[in-house]
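*Asks:* Predicted model follows, preceded by the sequence.
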Amino acid sequence: MNVDLFDYELPESLIAQTPLPNRTGSRLLALNKETGAVDHLMFEQLDQFLKAGDVLVLNDTRVIPARLFGFKADTGAKAEVLLLKALGEDRWEALVKPGKKLPVGAQIQFGVAEAGAGGEAPLTAVIEEASDMGGRVLRFTYKGIFAEILERLGQMPLPPYIKEQLSEKERYQTVYAKHEGSAAAPTAGLHFTQAYLERLRECGVHIAYLTLHVGLGTFRPVSADKVEEHRMHEEYFELPPETAELINRVKAEGGKVAAVGTTSARTLESAARISRDAGLPEGTLMACSGWTDIFIYPGVPLLVVDALLTNFHLPKSTLVMLVSALAGRENILRAYKEAVEKEYRFFSFGDAMFIY
């Protein structure tokens, strides 16, 4: 299957640069995955598609200020680091810029006003090895607590199509963010407030949580010509016992499992395959954790997810392929074309889409 089949035209003016003042203020495109029918609504009308006994599954990962700017110690050249995965013992997998000028052995200083400013840098990294997919493994040295230093020196790792830093860091976190470790936000969840989640609970909708720490898979474009040749980067996930048990009960009682975001969907489908391999009936979940590189595209069945709340994704991305696996490529591209015509806001800070 050719990657170009998942391309579409998007005017740059429709790429949302800032979040709306009100989290729940976005538009909502509702897509019936069986008929292809589209409805144009507001986000707070999501409850029309959820009934008592359904479950909404949220990713409670928390974004760390993972983008660091510093200077190469020997030349004073500017350097940028994007932290992706904690490896333990102050070692991190990361992306670096400029990659060609930051080989193994290079030292980067952070927290100094300029190159050669004198004094001891509060944070220093040495590149220990080159990792797969163009990354690096860095070892940090510092005095104090790493998380506190990162909070002070780091910036939110906004996607490259967003040109400005946020004035309020929490707008790139979901209101239920809990477990630190992501290099990007699970952006479908940015639409929720605690008040709206409570409103859904009052309607009898269950709210459940899992964790997937977003890593390189989010930043890496599809470079292969054929979809089947693309390989996802591993990301860490946890499906807690209470979430697995709740979803199994909802399924048994005829309720719908609605994932909030592609990260939640990938976690649930990863857990479903682990559970199946452990001998459980297909579609039944057990608590599990680990690393997943699951790649879902048309032809790959979804074993647990019935519905998906998501944003609009980049052309030819793995995320467009995932939503196409749920709703069909033709339905998705038709809905995207209609969203462009009606000037929806696209990508991380954009409007929402509910596939049911």
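*Replies:* Done, it's in.
*Asks:* For the stretch 1-150 of the chain, give me the ranges with low pLDDT.
*Replies:* Within the stretch 1-150 of the chain, the segments meeting pLDDT under 70 span 114-119, 132-133.
*Asks:* Can you list the residue ranges for strands in it?
*Replies:* 27-31, 38-42, 55-59, 61-63, 67-72, 78-88, 91-97, 107-110, 123-130, 136-142 (DSSP state E, counting those that start in this stretch).
*Asks:* Find the residue closest to Y142 in space, skipping its chain neighbours.
*Replies:* L123 (4.8 Å; C-beta to C-beta, 6 or more residues apart in numbering). (C-beta placed from N, C-alpha, C; glycine too.)
*Asks:* what about the one you found, neighbour count?
*Replies:* Neighbour count of L123, defined by other C-beta atoms under 10 Å: 22.
*Asks:* Grab the longest helix from this structure for me.
*Replies:* Using DSSP state H, we find that the single longest helix of the chain is helix 262-277.
*Asks:* Next secondary structure after that one?
*Replies:* Next helix or strand after helix 262-277 toward the C-terminus (DSSP states H and E): strand 288-292.
*Asks:* I'd like the distance from that next one to the chain centre, please.
*Replies:* Offset of strand 288-292 from its chain centre (C-alpha atoms, centre = their mean, to the nearest Å): 16 Å.
*Asks:* Which elements pack onto it?
*Replies:* strand 235-239, helix 262-277 (3 or more C-beta pairs under 8 Å, 6 or more residues apart in numbering; DSSP states H and E).
*Asks:* Identify the residues contacting D47.
*Replies:* Contacts for D47 (C-beta atoms under 8 Å, 6 or more residues apart in numbering) come out as 199-200, 203, 205.
*Asks:* Repeat that for I64.
*Replies:* I64 makes contacts with 83, 147, 150, 154, 180-183, as judged by C-beta under 8 Å, 6+ apart.
*Asks:* mind listing which of these are in helices?
*Replies:* Per DSSP H, those map to helices at 147, 150.
*Asks:* Show me which residues of the longest helix of the chain are buried.
*Replies:* 262-272, 274-276 (16 or more other C-beta atoms under 10 Å).
*Asks:* would you turn these into JSON lines with distance to I108 and pLDDT?
*Replies:* Output for the buried residues of helix 262-277, formatted as JSON lines (distance: C-beta to C-beta, whole Å; pLDDT from 0 to 100):
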{"residue": "T262", "distance to I108": "32", "pLDDT": "97"}
{"residue": "T263", "distance to I108": "29", "pLDDT": "97"}
{"residue": "S264", "distance to I108": "35", "pLDDT": "98"}
{"residue": "A265", "distance to I108": "36", "pLDDT": "98"}
{"residue": "R266", "distance to I108": "32", "pLDDT": "98"}
{"residue": "T267", "distance to I108": "33", "pLDDT": "98"}
{"residue": "L268", "distance to I108": "38", "pLDDT": "98"}
{"residue": "E269", "distance to I108": "38", "pLDDT": "98"}
{"residue": "S270", "distance to I108": "34", "pLDDT": "98"}
{"residue": "A271", "distance to I108": "38", "pLDDT": "98"}
{"residue": "A272", "distance to I108": "41", "pLDDT": "98"}
{"residue": "I274", "distance to I108": "38", "pLDDT": "98"}
{"residue": "S275", "distance to I108": "43", "pLDDT": "98"}
{"residue": "R276", "distance to I108": "44", "pLDDT": "98"}
